[in-house]
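**Student:** kindly return the folded structure for what I paste below:
(one chain, ligands or ions: 2)
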Amino acid sequence: MASLFEKDISLLKGVGPKRAQLFHKLGVATAGALLHFYPRAYEDWSSPLPIAQAPFDNPCCIRAFVASQVSESRIRKGLSLYKVTVSDSASLLHITFFNNPYAAKRLKEGEEYYFYGKVGGTFTRREMTSPLFEPVETGPRIRPIYSQTEGLSTRQIESAVRQVIQSLPDPLPDSIPQPIIAKYRLCSLRFALEKIHFPTNHTELEAARRRLIFEELLVLQLGFFLLKGKRRKENAMRLSRDDSSAFFARLPFSPTNAQRRAVAECLQDMMHGSSPMNRLIQGDVGSGKTAVAAALCYCVACCGMQSALMAPTEILAEQHYHTMQNFMQGSGVNVALLTGSSSAAEKREIRQQLQDGNISLVVGTHALLTDDVAFRRLALVVTDEQHRFGVGQRAKLAQKGNNPHLLVMSATPIPRTLALMIYGDLDVSVLDELPPGRQPIDTFWVGSNLRQRVYAFIKKHLAAGQQAYIVCPLVEENDSDLASAQEYADRLQQEDFRGYSVGLLHGKMKAAEKEQTMRDFSCGKIQLLVSTTVIEVGVDVPNAVLMVVENAERFGLSQLHQLRGRVGRGKQKSYCILLSDAQNEEAKRRLNAMCRTNDGFQIAEEDLRLRGPGDFFGARQHGLPDLKLANLVTDMRALNCAQQTASQLLAQDPDLSLAAHRGLRVQVKRLFAQVGEGGMN
Ligand code: ADP
Ligand code: MG
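**Tutor:** Numbering: from 1, shown residues only. Ligands and ions are numbered 1, 2, ... in the order given. The predicted structure follows:
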């Protein structure tokens, strides 16, 4: 099937170069990609309802014959109505088309059709406006609806898909080996591809979905196992001793049991594991992940080796750098900061010292990934806020030096079983306990009509020496959005918060400016910080006890939880105020969920329920390959089966080199190429 899969979309009949561009916009460049461009939804024309039973306001299909002639009435210039009455012999349905003589002409009195549309009107007079219709000879079926783009309709996509399906070779090689197909009673690939697009009934559609979901999850699991297998190399960087007690004694607080446990689990891997550590630390915001990382970096340094700590933003890298310096002060552990905006001379100096081994811990951003950073004895790589890093980047880091240990810290609390499967290539430690004395953050949702009261509430806290954030939702940090954030901050400073000091923080500021602003906020010089979501991850200023989120409906649930995690980090009572005039039901549910609970795991579950994992993980950005059909929450059972199957397959054939596994191998490569895992060959 290789040739068909690669066939350029423009070579299909009726496509051509111009329309091909539109397909490209939808992410479809080849005939093969088109096969896997699954319908977004379906129109069910398979089980027509009697007119009297059709629900109001939900699209449905009705089978009826045309009971009158089509009448035309010109209401005014440019507006003509075409009316016709249809009947299923029990009831009547009144149909109206606007300005559509073509549709009206196709309907013949006395003939029978399927009509598809929403029923309106009253119980005694049912109506449909501009329905789609087909003669009954077409037969009952379920029609695909594709995501469209301007200039390319779902019907045009449908006809291109039909062409590809018709040109599938016979027999069509199936990438899932026969015994597995038999074991799980999966349908064949041909059936699945045809019926996912053109099912005649729900049973067929379900069978097709089940097979394709299984395949997707199987490929995902195989990919993760292979990645993990790649790391099953000799452990060259074993730690010889455990200095964690000495580190804990240095801390200004006593670590929680969860922190101690996580450190012990990591040290177990690093001291006694036969292969390098590959571990995920999951903990809700504020659970103290940084201290866990610090303990490990400290132990590494005590063994004369080096660590690298990577953060997703410069602000966070700088903050970690200061935290690490504080924790390590006077211990002889040398800490350095290396980011994209370090000067060339600084970079050169730090690189030299890393190579010489004078620096034991380097904190940075992606700049640490560049190839010219070499370490003398890199033993540990920590990436913070894992969801911003891809699987591929992680693998790239792992290749640095001599197979270092890998620790990933994630603040997206997801159920443990799910984490184990999604990050199938990682072991998991959970920080399921917050430091003592934390009070729940009181969260309120208020309409913008109460804005002045919200400002008064902020002022009350500022006057008491505390600090606050106002978060603005900038979707794109583009120039005009940034200008309006600047304007907003200026206005607050000059009007509502005159006499207080207001600062502004956004992602496009120069690194030095950002650092200065964060420093001013940390030390209390700035009292009210207006910020974009750059503060979403990691920022830690315990004296900030109040957060106001503007247009809160624009944020996802997990993101709101992350934002809220910037307050409630000390012993003082903290508040989060969500300003929103949301009308939309889903947005209301999100805001209510935030007010109801502080528990990140519950929030994550609700978020998964509301959005589905595709959006939840933001697929590519978070390094999880794009799943088209599978839902990691609702398809948990299939995920289990896929995981078992993957491990059995790899036990027989560790690198999928058998001919029977070639199809799967190709797919694994394709899926993981999306997330930049180039090393899988
Ligand atoms: P997160 O898990 O969100 O990254 P941090 O590591 O930033 O959390 O820690 C949040 C705050 O809690 C920091 O101010 C940190 O110093 C403090 N902290 C961490 N562990 C403890 C502890 N065991 N007791 C008291 N405070 C702690
Ligand atoms: Mg953190």
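**Student:** for the stretch 501-650 of the chain, which spans come out with low pLDDT?
**Tutor:** The stretch 501-650 of the chain contains residues with pLDDT under 70 at 536-538, 611-626, 632-633.
**Student:** for residue 320, see how far away the residue of it found nearest ligand 1 is.
**Tutor:** Going by CB to the nearest ligand atom, ligand 1 is nearest to residue 540 of the stretch 501-650 of the chain, at 4.4 Å. Yep, even glycine has a C-beta here, placed from its N, CA and C like the rest. As judged by CB to CB, to the nearest Å, residue 540 and residue 320 stand 9 Å apart.
**Student:** residues near the residue of the stretch 351-500 of the chain found nearest ligand 1, how many?
**Tutor:** Residue of the stretch 351-500 of the chain nearest ligand 1, by CB to the nearest ligand atom: residue 435 (3.3 Å). Neighbours of residue 435 under the rule other CB atoms under 10 Å: 19.
**Student:** so who does it touch?
**Tutor:** 253, 256, 286-288 (CB atoms under 8 Å, 6 or more residues apart in numbering).
**Student:** pLDDT weak spots in the stretch 251-400 of the chain?
**Tutor:** 369, 371, 386-399.
**Student:** run through the residues of it sitting next to ligand 1.
**Tutor:** By the rule CB under 6 Å from any ligand atom, the part of the stretch 251-400 of the chain lying against ligand 1 is 253, 255-256, 259, 283, 285-291.
**Student:** list only buried entries from the residues you listed.
**Tutor:** For these, a burial check counting by 16 or more other CB atoms under 10 Å picks out 255-256, 259, 283, 285-291.
**Student:** and the residues you listed, which two are furthest apart?
**Tutor:** The span of those, defined through CB to CB, is set by 255 and 285 at 17.4 Å.
**Student:** hmm, residue 28 is touching residue 37, no?
**Tutor:** Yes. At 5.1 Å, residue 28 counts as touching residue 37 under the criterion of CB atoms under 8 Å.
**Student:** now do the shared contacts for those two.
**Tutor:** When CB under 8 Å, 6+ apart defines a contact, no residue borders residue 28 and residue 37 alike.
**Student:** which ones are touching the residue in the stretch 101-250 of the chain that ligand 1 sits nearest to?
**Tutor:** Ligand 1 sits closest to residue 248 of the stretch 101-250 of the chain, with a gap of 9.3 Å, by CB to the nearest ligand atom. Applying CB under 8 Å, 6+ apart to residue 248 gives the contacts 254-255, 260, 295.
**Student:** just the ones of these in helices?
**Tutor:** Among the contacts of residue 248, the members found in helices (DSSP state H) are 260, 295.
**Student:** quick one: buried residues of stretch 127-147?
**Tutor:** Using 16+ other CB under 10 Å as the test for burial, stretch 127-147 gives 127-128, 131, 133-134, 141-144, 146.
**Student:** how about the residues you listed in a markdown table, adding secondary structure?
**Tutor:** Output for those, formatted as a markdown table (DSSP: H, G, I helix; E, B strand; the rest coil):
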| residue | secondary structure |
| --- | --- |
| 127 | strand |
| 128 | strand |
| 131 | coil |
| 133 | strand |
| 134 | strand |
| 141 | strand |
| 142 | strand |
| 143 | strand |
| 144 | strand |
| 146 | coil |
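**Student:** just these: which has the poorest pLDDT?
**Tutor:** Minimum pLDDT across the buried residues of stretch 127-147 is recorded for residue 141, with 87.
**Student:** and the longest helix along the chain, what does it pack onto?
**Tutor:** If you go by DSSP H, the chain has its longest helix at helix 202-231. On a contact count with 3 or more CB pairs under 8 Å, 6 or more residues apart in numbering; DSSP states H and E, helix 202-231 meets helix 189-197, helix 391-398, helix 636-652, helix 662-673.
**Student:** let's go with 6 Å and repeat that
**Tutor:** With contacts taken as 3 or more CB pairs under 6 Å, 6 or more residues apart in numbering; DSSP states H and E, helix 202-231 sits against helix 189-197, helix 636-652, helix 662-673.
**Student:** what helix or strand is residue 631 located in?
**Tutor:** Using DSSP states H and E, residue 631 sits within no helix or strand.
**Student:** and it, how many neighbours?
**Tutor:** Neighbour count for residue 631, taken as other CB under 10 Å: 15.
**Student:** same deal with the one 10 residues further on?
**Tutor:** Close neighbours of residue 641, defined as other CB under 10 Å, add up to 18.
**Student:** pLDDT value on the closest residue to it other than its chain neighbours, please?
**Tutor:** Of all residues not flanking residue 641 in the chain, residue 184 sits nearest, at 6.3 Å (CB to CB, 6 or more residues apart in numbering). The model reports residue 184 with a pLDDT of 95.
**Student:** quick check: phi and psi on residue 184?
**Tutor:** Main-chain dihedrals, residue 184, degrees, to the nearest 10: phi -100, psi 10.
**Student:** report the separation between residue 80 and residue 299.
**Tutor:** For residue 80, the distance to residue 299 (CB to CB) stands at 81 Å.
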